[in-house]
Structure formats: C-alpha cells, structure tokens
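In: what shape does this take:
(one chain, ligands or ions: 1)
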Amino acid sequence: MSLLPTAAYIHIPFCRRRCYYCDFPVFVVGDRSTGANSGNIQLYVDRLATEIATEVNDPRPLDTIFFGGGTPSLLTVAQLRQIIGQLAAKFGIARDAEISMEIDPGTFDLEQLRGYLQAGVNRVSIGVQAFQDHLLQLCGRSHTVGDIYHAVELLHQGGVTNWSLDLISGLPQQTLANWEASLECAIALDPTHISCYDLIVEAQTPFSKQYHPGDKPLPSDEATAQMYRNAQQILSGAGYKHYEISNYAKPGYECRHNRTYWQNQPYYAFGMGAASNLENYRFTRPRKTQEYYQWVADGCNWRVDLTPAADRFLETLMLGLRLSSGVSLNAIESEFGIDRSDNLLKCLHRYQQQGWVEIVTIERDRYLRLSDPEGLLFSNVVLTEIFSQEF
Ligand code: SF4
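Out: Take a look at the predicted model:
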C-alpha cells in the first residue's frame, strides 16, 4: 500500500429531512430557507476545518476530494471555500484534481452552483433515486421529479460537464416497468455517470419497521435480480460502461475518487462518522455530533482504538472484484505469494465453470474478474465462498 494518501473524503452530515431508508450519520436541519440551523452548519464546518488542520501526516497534494453526505449542497459557497481552503493549506491540491460534490435537487440555485464551481468543484453527483413521484414520497425524499429536471437544467446552465446521477432499485412498490422508466429517464438527461444501488433495508431505519426483506410490497428477489440485469442491458446499450458493481460511466468519466476505495488504496476522511484508511488501519470517527466535537476538541487522535484492516488479501479481493476489470493475478502473486493465488483459483474453479468467474489476459497480465451481469449479481455468493476458505 502506498504510504501517503492522495484522496480525501469529507462528510457533510446535514439533510433537510431523513429519508426513510437511510442509516447514515446525518443531522436534520429542515429547509435552508428558514435559516434556523445555519449556525449548526457553520459550527460543524469550523470543527471540520480544525480536524483537517490537525492531521499530522506528511502531506502529498490531493488528487481527489469527495464531498459526500448528507447533503453537501446545504453548504454555503463560503463554507465550501473554507473547507477547500483548509485542504489546500494542509495538503495542497493537484492541478488536475477531481473534486466531487453530492448535491440534492431543490437545495441549490444557479448562483450557488456557480460559486461551488468557482471554489474548485468539477464533478457533481445528484441524488435522484427514482423518476416517479409516488416512489420519492414513499422513500421520504425531500424533492419531486420536477425538482430533478430543474436541478439538471441548472447543471447545464452552470456548464457542468462531468456529472453523475443516482438511482435505487428494489424500492417498495417499485415495478420492473417503473425501474426501466427511471433508467430511460436518466439516459435521456445524458449524465456522464450513473450509479444504481439496490435497496438494503437497514436496521433502525423507518423502512426496517415497515418492510421485511422478501415480503411485499418489496419486489421479490427474482424481480430485483431482473432489475440489475435490466440496468446492465439498458445502460450498456446506451454507451455506459459497467465499470463497477453499482456504477456505469461514459468513456473517461469513471469516478477517480471511488477507485481509491476499490483498489484498496489509503485515503483520508474528515467529519462526523467518516471512515479513513491510513497506515493499514481503518478508523471511524464518532457518529454523534457532540461526540465528534469532543473528539476534535481532544485533538482528533485516530491512533487510539484502531481497527486493523481485515486480512489485506481478502480485503483486496472483496474490493477489487467489485470492479469489472477485476484484480490482477500477477499483483496477487507478487504481494501474497503464488500458493495463495493458486488456492484462490482452485476455490473458484466451480464458479469459473458456472460462468460467474472469468480469467482474462490483458497485456500479459491475467485478471480475475466476475462476469457481467451474472457474476457481479451473485458476487456475495462468490465472496462468501472466498471468506469461508483458509488461504
Ligand atoms: S438525502 Fe441522502 S444522506 Fe440525507 S437522509 Fe436522504 S439518503 Fe440519507
């Protein structure tokens, strides 16, 4: 693992309301127009800036920065500038750095968007989820389909050329026809990147009290599997490359920041609940606001209570097999030894015969990968097999 990260994730934990399926560490602030919680956001930004300033590693300029949440577009332009300015002062930012920001429909206007772009943002990811108002409502989303179209119009007016759109499959009451319509609507808007996530009913969410996996009105397992296959077929047909289990991109528009995770490279993370991967250790910051503030006040010591990364061999496979390019067997052999590599291939032989696992040669390197869509769809089966073995 290279020693010094060049990627930074920044968590902005504010949302207008909490979506019924969400278990992220977020703080509900209501509508920005009320201004009621703007003080909370500024307080948080100040703490975040302190945390960034406190990081003690010898820095390398950042290659990618990702503002996720939460709803980062609840930040004012001045607050975004404050954070980017602190990152630049602490680490430096590479001239061609990718700076991504998640934004939600209905939370920004053209002036604000232009301010974000001037501050350095050059990639935008817009949370859409579905193109049916009844599904958005059922999820507790704070926007309508009309807001989605308005937000995309603002992106065009602002001159944003690198942007992504998120969709969710497997929602309660969602039909295959709804899902295909959402995919077609997304394609018609012509984003450079589309993410398709399958709903997971997480414990402690309102959804978990209402819905039980496998029961109606959630779509059946066969229906959600078909949604996955449909996404692959429809998006690939429209020129989007299925480059990761849940992600599709036009050529040249894969998310550079997220590749850091999938390639098991180190990365910084700042903010409440954010998880970093440094010095082969993962550390998750406190998920509650006051605890996070106290942790910052106490000096941001992430070198206590460290959780070692799981076995790096297994972790490399778990993350790398998410990518359609798979993992390099030459790299596996040189880092973990030829025996482990051989045992891995033996363990996966039956999945290879079944067509879920492939070994391809590209420029004299052999890659182990999951087939698209079936291998990627059943990746959990393949990974469970890998994790059950001793290598
Ligand atoms: S907008 Fe995103 S982060 Fe906020 S509550 Fe909804 S799903 Fe969670």
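
In: how far does the strand ranked longest in the chain sit from the chain's center?
Out: As assigned by DSSP state E, the longest strand anywhere in the chain is strand 93-103. From the chain centre to the centre of strand 93-103 is a distance of 15 Å (Cα atoms, centre = their mean, to the nearest Å).

In: the helix or strand following it - contacts with which helices or strands?
Out: As assigned by DSSP states H and E, the chain's next helix or strand after strand 93-103 is helix 110-119. When contacts are defined as 3 or more Cβ pairs under 8 Å, 6 or more residues apart in numbering; DSSP states H and E, helix 110-119 sits against helix 77-90, helix 145-158. (Each C-beta comes from the backbone N, C-alpha and C, glycine too.)

In: kindly state the pLDDT recorded for Gly387?
Out: One correction, residue 387 is Phe, not Gly. With respect to pLDDT, Phe387 has a value of 89.

In: buried ones in the helix or strand hosting it, by neighbour count?
Out: Assigned by DSSP H and E, Phe387 belongs to helix 379-388. Neighbour-count burial for helix 379-388, with 16 or more other Cβ atoms under 10 Å as criterion, is recorded at 379, 382-383, 386.

In: circling back: in the sheet, which strands lie alongside the longest strand of the chain, parallel or antiparallel?
Out: strand 62-69 (parallel), strand 123-129 (parallel) (DSSP bridges).

In: where along the stretch 251-391 of the chain do the strands fall?
Out: Taking DSSP state E, counting those that start in this stretch to define them, one finds strands in the stretch 251-391 of the chain at 268-270, 275-278, 281-284, 307-308, 327-328, 357-362, 365-370.

In: identify the residues contacting the one residue sitting closest to the centre of the chain.
Out: In the chain, the residue lying closest to the centroid (Cα atoms, centre = their mean) is Asn258, at 6.6 Å. Contacts for Asn258 (Cβ atoms under 8 Å, 6 or more residues apart in numbering) come out as 66, 244, 247.

In: do you know how far it is from the ligand?
Out: Distance of Asn258 to the ligand, computed by Cβ to the nearest ligand atom, to the nearest Å: 16 Å.

In: before we move on, the earlier item: make CSV from the strands of the stretch 251-391 of the chain and add mean neighbour count and distance to Tyr44 to it.
Out: Listed next are those as CSV, based on neighbours: other Cβ atoms under 10 Å; distance: least, Cβ to Cβ, whole Å:
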stretch, mean neighbour count, distance to Tyr44
strand 268-270, 24, 11
strand 275-278, 19, 18
strand 281-284, 16, 17
strand 307-308, 10, 25
strand 327-328, 20, 38
strand 357-362, 13, 45
strand 365-370, 19, 39
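
In: least reliable of those by average pLDDT, please.
Out: Mean pLDDT per stretch puts strand 307-308 lowest among these, at a mean of 64.

In: would you turn the strands of the stretch 251-391 of the chain into TSV with distance to Tyr292?
Out: Output for the strands of the stretch 251-391 of the chain, formatted as TSV (distance: least, Cβ to Cβ, whole Å):
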stretch	distance to Tyr292
strand 268-270	10
strand 275-278	13
strand 281-284	11
strand 307-308	17
strand 327-328	35
strand 357-362	41
strand 365-370	37
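
In: let's have those strands in TSV, adding distance to the ligand.
Out: Formatted as TSV, the strands of the stretch 251-391 of the chain follow (distance: least, Cβ to the nearest ligand atom, whole Å):
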stretch	distance to the ligand
strand 268-270	16
strand 275-278	15
strand 281-284	16
strand 307-308	24
strand 327-328	30
strand 357-362	33
strand 365-370	27
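
In: would you mind naming what in this protein lies close to the ligand?
Out: Contact residues, the chain versus the ligand (Cβ under 6 Å from any ligand atom): 15, 18-19, 22, 24, 26, 69-71, 104, 127.

In: which SSE is His242 in?
Out: Short version: His242 belongs to strand 241-244, going by DSSP H and E.

In: show residues contacting that strand.
Out: So strand 241-244 is contacted by 232, 235-236, 248-251, 254, 258, 262, 322-325, 372-373, 376 (Cβ under 8 Å, 6+ apart).

In: list the buried residues in that strand.
Out: Using 16+ other Cβ under 10 Å as the test for burial, strand 241-244 gives 241-244.

In: and stretch 237-250, by the same measure?
Out: 238, 240-250.

In: what's the answer for stretch 142-154, then?
Out: Those would be 142-143, 145, 147-148, 151-152, 154, for stretch 142-154 by 16+ other Cβ under 10 Å.
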